[in-house]
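Colleague: I would like the atomic coordinates for the input below:
(2 chains)
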Protein chains: 2
Amino acid sequence: MKEGEVIARLREIFKPAVRLAGQLKVGIGDDAAVFSAHDSLIATSTDIVTENVHFNRSWSDAKSIGRKVAIANIADIFAMGMKPNFLLVSATIAKSDTDSLFEIARGIQVEAERVDAQVIGGDLSLGDRLTVSITAFGEGERCVLRSGAEPGDDLYLTALPGRSLMGLTQLHQGISVDQECINFHLVPERDWESFERAGKFAKSMIDISDGVAKDAREIARSSRVCIEIDSQLVMKHPDFVAVEKLASKLGLDVLTTILESGEEHTPLFTASPNDRSEVENFAHRIGRVTEGAIGELLLDGDLVEVKGFDHFS
Amino acid sequence: MKEGEVIARLREIFKPAVRLAGQLKVGIGDDAAVFSAHDSLIATSTDIVTENVHFNRSWSDAKSIGRKVAIANIADIFAMGMKPNFLLVSATIAKSDTDSLFEIARGIQVEAERVDAQVIGGDLSLGDRLTVSITAFGEGERCVLRSGAEPGDDLYLTALPGRSLMGLTQLHQGISVDQECINFHLVPERDWESFERAGKFAKSMIDISDGVAKDAREIARSSRVCIEIDSQLVMKHPDFVAVEKLASKLGLDVLTTILESGEEHTPLFTASPNDRSEVENFAHRIGRVTEGAIGELLLDGDLVEVKGFDHFS
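Modeller: Numbering: from 1, shown residues only, chains lettered A, B, ... in the order given. Down below sits the predicted model:
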């Protein structure tokens, strides 16, 4: 069964509660869920990571693991155009491994402090595998969904993806051609300001966690539009030459690397062409939203078969 | 290192964020964390359970596991005197085990529907052990803390604890003297109304998850008071004779069973003696709050050495 089918079945099981219909703004299926509390919108998102699936302790120290899971959650709140404020942290950990727990906590705290957020609670449990689960909260007056893209919109990136996959490739091969990419994969320094800037103009937005291709198609499906990426525009990104050079050293195709690199945690968003002059001050246009093949991604006019990490297939 | 020390060190690591000081009402250390969003208070609590630590798949079917973890979270929100509304659900699960995942989801949904709450999101991941983490939210205009007890208050239970431990004892021994207790331990039907009634009068309240002794001492420590339990009052509880009979069949001391039975998920609370006539309509008085040994629990005047489940010692 594919992950998408698993989630579809879970949506059927978790039926809506009628009394909460007015209060729930965004349910299952976006970067975060959003509900209202009087005049406020509360965004909340959770991520669970487990040893040997999301991280490998021979690659990452415990502090980096803490930073990484905090980043994934913080990115989900920013991807709603909102600002993270509170975090709940849960972990299962071996009895003998409390030192790792504190290192994980220190890593989470590093990232919380970077965005001026605070851990307010959690739960601790024994387990024979290290598992960390974080729930993040954010607050704001509006939220940016995956479903807001309209034909005619421009499609933007800020940073050019690729470094995370190129780091992971080196880790898998046990080589170190470019340590910066390895660090970016393991202990990323994310540019949250780009999310805040994008949030001001974005009609739809997603955190790049599964790769541009999969995440762009996610916007296409949620918005019931077609997303078209133009490789000529991608190649004009100021970092393209650097990424191409390194991809070639690693024997990787540069466009595939850019489109499939996951855990990038930078924004992919659409905005009106009326805002193009302002948006191009901080973002790079790579394509557009059309009325073409609904729910699909095209690259230079050809349908892209979306690959990406799927937990359950 | 004891669990309490572990949590104390985590509190040091997770420093408060100055900008959120006005908005955070309750941080680490109560049943749930509480923050404000304009005029509302949002309570949020998270629980993580893992195979072979919190449940045993030869004892519990997957649906019961889902119900149990939902109950633990829902109880934490009720124990703040608030009403649960939304849930986030995360799980790590083996690839081949998606059927269990759906059963867990159905169990969570049963409990969500009982309190008219809704699952709004979550995260799924592969893992070689089944781990389920739920974050629950509640909303209200006031919250009842563990720290509100004052000398002179009465101490109350609603249901008499003991059945969860007597069920667990039978499971450990592989016997079935009383199936109802086993079911209560595995697939509990909790009386949420008692929390709602208690919440109207409670000055301090806790969800009985670690046992009356440990949880009463938790109120004593948080409120900087002494809690005194009177065994004569406990014995007057209408269910005492039934619990005593069964404890004796299982070779257990009845008072120890009542004081140490965990995962009961019923309220333990203190209220002003001025409200005694109203509170005694739905709750049973078992003791009082005094200025005696601060942070300690006394039973019939003697200091109780609190035993209870500690993950890390």
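Colleague: tell me which element the closest residue to A:L155 other than its chain neighbours falls in.
Modeller: Leaving aside its sequence neighbours, A:L155 sits nearest to A:G287 (CB to CB, 6 or more residues apart in numbering or on different chains; 4.0 Å). All C-beta atoms are positioned from the backbone trio N, CA, C, and that covers glycine. Element membership for A:G287 (DSSP states H and E) is strand A:284-290.
Colleague: helices or strands up against that strand?
Modeller: strand A:154-157, strand A:226-229, helix A:231-235 (3 or more CB pairs under 8 Å, 6 or more residues apart in numbering or on different chains; DSSP states H and E).
Colleague: what are the pairing partners of the second one, and which direction each?
Modeller: I take that to be strand A:226-229. Counting by DSSP bridges, the strands paired with strand A:226-229 are strand A:284-290 (antiparallel), strand A:297-299 (parallel).
Colleague: likewise the first one?
Modeller: Using DSSP bridges, the neighbouring strands of strand A:154-157 in the sheet come out as strand A:267-271 (antiparallel), strand A:284-290 (antiparallel).
Colleague: residues of it that come out buried?
Modeller: A:D154, A:L155, A:Y156, A:L157 (16 or more other CB atoms under 10 Å in any protein chain shown).
Colleague: contacts for that strand?
Modeller: A:198, A:212, A:216, A:227-229, A:237, A:266-273, A:276, A:279, A:283-289 (CB atoms under 8 Å, 6 or more residues apart in numbering or on different chains).
Colleague: Using CSV, write out the CA atom coordinates for the next helix-or-strand element following it.
Modeller: For strand A:154-157, the following helix or strand on the C-terminal side (DSSP H and E) is helix A:163-173. These are the backbone C-alpha positions of helix A:163-173, laid out as CSV (Å, rounded to 0.1, in the frame of the first residue of the first chain):
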residue,chain,number,x,y,z
ARG,A,163,22.6,20.0,-1.4
SER,A,164,20.6,17.7,0.9
LEU,A,165,20.5,14.8,-1.6
MET,A,166,24.2,15.4,-2.5
GLY,A,167,25.1,15.2,1.2
LEU,A,168,23.1,12.0,1.6
THR,A,169,24.7,10.5,-1.4
GLN,A,170,28.1,11.1,0.0
LEU,A,171,27.1,9.6,3.4
HIS,A,172,25.7,6.5,1.6
GLN,A,173,28.9,6.1,-0.4
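Colleague: buried set for helix A:163-173?
Modeller: Taking 16+ other CB under 10 Å as the criterion, helix A:163-173 shows A:R163, A:S164, A:L165, A:M166, A:G167, A:L168, A:T169, A:Q170, A:L171 as buried.
Colleague: that older thread, make CSV from the strands paired with strand A:226-229 and add mean neighbour count and mean pLDDT to it.
Modeller: Formatted as CSV, the strands paired with strand A:226-229 follow (neighbours: other CB atoms under 10 Å in any protein chain shown; pLDDT from 0 to 100):
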stretch, mean neighbour count, mean pLDDT
strand A:284-290, 21, 98
strand A:297-299, 21, 97
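Colleague: can you put the ones you listed in CSV and add distance to B:E193?
Modeller: Below are the strands paired with strand A:226-229 laid out as CSV (distance: least, CB to CB, whole Å):
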stretch, distance to B:E193
strand A:284-290, 51
strand A:297-299, 51
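Colleague: near chain B at all, stretch A:127-139?
Modeller: Yes - under the criterion of CB under 8 Å from any CB of the partner chain, chain B is reached by stretch A:127-139 at A:G127, A:D128, A:R129, A:T131, A:S133, A:T135, A:F137, A:E139.
Colleague: Farthest-apart pair in the residues you listed, please.
Modeller: Spatially, the most separated pair among the residues of stretch A:127-139 next to chain B is A:D128 and A:E139, at 37.3 Å (CB to CB).
Colleague: These two: who's more crowded?
Modeller: More crowded of A:D128 and A:E139, by other CB atoms under 10 Å in any protein chain shown: A:E139, with 21 against 15.
Colleague: who does that one bridge with?
Modeller: Under the criterion used (DSSP bridges), A:E139 bridges to A:I42, A:K83.
Colleague: State the distance from it to B:L186.
Modeller: For A:E139, the distance to B:L186 (CB to CB, to the nearest Å) stands at 39 Å.
Colleague: so what's A:I104 up against?
Modeller: A:A62, A:K63, A:I65, A:G66, A:A91, A:V132.
Colleague: Likewise for A:S248?
Modeller: So A:S248 contacts A:V254 (CB under 8 Å, 6+ apart).
Colleague: give me the element it is part of.
Modeller: Assigned by DSSP H and E, A:S248 falls in helix A:240-249.
Colleague: same question for that helix, mean pLDDT?
Modeller: Helix A:240-249 shows a mean pLDDT of 96.
Colleague: Assign a three-state SS to A:R221, would you?
Modeller: The assignment at A:R221 comes out as helix when based on DSSP: H, G, I helix; E, B strand; the rest coil.
Colleague: burial of the closest residue to it other than its chain neighbours, as a residue count?
Modeller: In space, and not counting its chain neighbours, A:R221 is closest to A:G295: 4.3 Å by CB to CB, 6+ apart. Neighbours of A:G295 under the rule other CB under 10 Å: 15.
Colleague: Wasn't A:G295 part of a helix?
Modeller: No - the assignment for A:G295, made by three-state DSSP, is coil rather than a helix.
Colleague: Figure out how far the helix or strand where A:T135 lies is from the centre of its chain.
Modeller: Under the criterion of DSSP H and E, A:T135 resides in strand A:131-140. From the chain centre to the centre of strand A:131-140 is a distance of 14 Å (CA atoms, centre = their mean, to the nearest Å).
Colleague: for stretch A:190-198, same thing?
Modeller: So, by CA atoms, centre = their mean, the centroid of stretch A:190-198 is 12 Å from its chain's centroid.
Colleague: for the one helix or strand A:L87 maps to, what is the average pLDDT?
Modeller: Here A:L87, judged by DSSP H and E, is contained in strand A:83-93. Computed over strand A:83-93, the mean pLDDT rounds to 89.
Colleague: Repeat that for stretch A:172-187.
Modeller: Averaging pLDDT along stretch A:172-187 gives 90.
Colleague: so what's the residue nearest to A:L155 up against?
Modeller: With CB under 8 Å, 6+ apart, A:G287 has these contacts: A:D154, A:L155, A:A216, A:I227, A:E228, A:I229, A:D230, A:L233.
Colleague: Specify which member of the residues you listed is nearest to B:L145.
Modeller: Distances from B:L145 to the contacts of A:G287, taken by CB to CB, are shortest for A:A216, at 46.8 Å.
Colleague: Please work out which residues outside the strand or helix carrying that closest one touch it.
Modeller: Per DSSP H and E, A:A216 falls inside helix A:212-223. Residues outside helix A:212-223 that contact it (CB under 8 Å, 6+ apart): A:29-30, A:145-150, A:155, A:157, A:161, A:204, A:206-210, A:225-227, A:229, A:258-262, A:268, A:270, A:287, A:289, A:294-297, A:304, A:306-308.
Colleague: of these, buried ones?
Modeller: Counted by 16+ other CB under 10 Å, the contacts of helix A:212-223 give A:29-30, A:145-149, A:155, A:157, A:161, A:204, A:206-210, A:225-227, A:229, A:258-262, A:268, A:270, A:287, A:289, A:296-297, A:304, A:306, A:308 as buried.
Colleague: Could you chop chain A up by domain?
Modeller: A:3-140, A:146-303 (automatic domain parsing).
Colleague: got a list of what the residue of the stretch 151-300 of chain A at minimum distance from chain B touches?
Modeller: Residue of the stretch 151-300 of chain A nearest chain B, by CB to the nearest CB: A:S209 (10.8 Å). By CB under 8 Å, 6+ apart, the contact set of A:S209 is A:A72, A:A75, A:D215, A:G262, A:E263, A:E264, A:H265.
Colleague: so A:D47 touches B:S90, yeah?
Modeller: Yes - with contact defined as CB atoms under 8 Å, A:D47 counts as touching B:S90 (7.4 Å).
Colleague: Now do the shared contacts for these two.
Modeller: The contact sets of A:D47 and B:S90 overlap at A:S133, B:D123 (CB under 8 Å, 6+ apart).
Colleague: burial count for the residue lying closest to A:V289 once chain neighbours are set aside?
Modeller: Counting by CB to CB, 6+ apart, A:V289 lies nearest to A:D153, which is 4.1 Å off, once chain neighbours are set aside. Residue crowding around A:D153 was assessed by other CB under 10 Å; the count is 25.
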